[in-house]
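>>> Task: produce atomic coordinates for the following.
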Amino acid sequence: LHIEEERKELARRLDPVTGGGIDEAWVWKDPAAERGEGVVMLGPGSDQLKDLQTKLVSGTVPSLLRHNSTEKRAKRTIVQKYVPSIRWEGRHKFDLRIYWLVVSINPLLVYYHDGHVRVSLTEYDPNDFSEQNLKSHLTNVAQTLASRGDSNEKVDEHDVLDLAIRSFDDLDGILREHMASQPHESSHFDARMLADPLSHIRERMKDVLQTTVAAFRETVFSPEGCPADNCYALYGADFMIDEDLNVWLTEVNDIPDMSTTAKAKRKVFDVFAPQIFNMIDEVRDKQLSNGTATSQILPLMSAITWELSYC
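All right, here's what the predicted structure looks like:
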């Protein structure tokens, strides 16, 4: 919201007469916050949403002041359209965390890897956007642990994490159950989606990843910004799935959590983490021997479960 053009566009979207967005749900967040902090839910027609729209129309830069925010940081916020997602076992909101590895920026080579599913353990009410119900809308693991810690029951953190962090194999079953529950005559699912819904989701996420990398190729991923001969980085990206199996990018994380306290995460990391170092070494060795041309580096034999997504 610190960008004037973006504020004007949001004001237009929230206009009660022409925009229609005032009757929809939105998420207001501090992109510099972490662990699920700095998030405000703006319910349809809520006083908070109307107040935001009023400030935008008046030309004011809205501030999301939190207990740990400076005034400058409070104004560098983003507003996103709320995505009504399908639910985990019909009762819980969830999102997907995938990983992407920029193994080289000279040339630019980006790889994709499956991650895990993050499930909110607070029962989801899609019509309650109050602050008291915030945790049902958040899938952040820190918030999940906090919600369990609020109870008087003794909480085993590992047991909670194994419930809150699930595998892509588990996701496949949830997707198939969702499609089976939809009326056939109003179904938006084609034959390929019905046969393999997880592959459909995976391909859509890779499409979004390619678009994201292309958008920042000349800024974030430019060789001119690299202080060495080459650079690499591991990122996380979070997605949500709506009822028509569309995927929506909600966040890119440049310092993804790599803890292995949950079984589903540990299983993924044990597979892909060793490959990262081997891939970086392979790129470096080929560059020293053959130069920096993409054709002289690909394919990477050490990328066993990583999939090339952008080059």
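>>> which residues does Val102 form a beta bridge with?
Under DSSP bridges, the beta-bridge partners of Val102 are Val110, Ala233.
>>> which residues sit in contact with it?
Applying CB atoms under 8 Å, 6 or more residues apart in numbering to Val102 gives the contacts 108-110, 221, 231-235. Where C-beta positions appear, they are placed from N, C-alpha and C, glycine not excepted.
>>> any idea which of those is the one closest to Thr261?
Within these, distances to Thr261 taken as CB to CB reach their minimum at Leu234, with 18.6 Å.
>>> and that closest one, what does it touch?
Contacts of Leu234 by CB under 8 Å, 6+ apart are 99-102, 256, 276.
>>> could you redo the last one with a cut-off of 7 Å?
Applying CB atoms under 7 Å, 6 or more residues apart in numbering to Leu234 gives the contacts 99, 101, 256, 276.
>>> ok, now Arg13?
Shown in contact with Arg13 (CB under 7 Å, 6+ apart): 19, 21.
>>> can you tell me how far it sits from Lys267?
As judged by CB to CB, to the nearest Å, Arg13 and Lys267 stand 41 Å apart.
>>> which two of the contacts of Leu234 lie the greatest distance from each other?
That would be Pro256 and Ile276, which, of these, are the farthest apart (CB to CB) at 12.2 Å.
>>> Going through the contacts of Val102, which ones are buried?
108-110, 221, 232, 234-235 (16 or more other CB atoms under 10 Å).
>>> pLDDT wise, what is the residue sitting nearest the centre point of the chain at?
With distances taken as CA atoms, centre = their mean, Asp238 lies nearest the centre of the chain, 1.4 Å away. Looking at Asp238, its pLDDT is 95.
>>> quick one: buried residues of stretch 182-202?
Within stretch 182-202, judged by 16+ other CB under 10 Å, the buried ones are 189, 193, 197-198, 200-202.
>>> and the residues you listed, which of them are in helices?
193, 197-198, 200-202 (DSSP state H).
>>> Cool, thanks, talk later.
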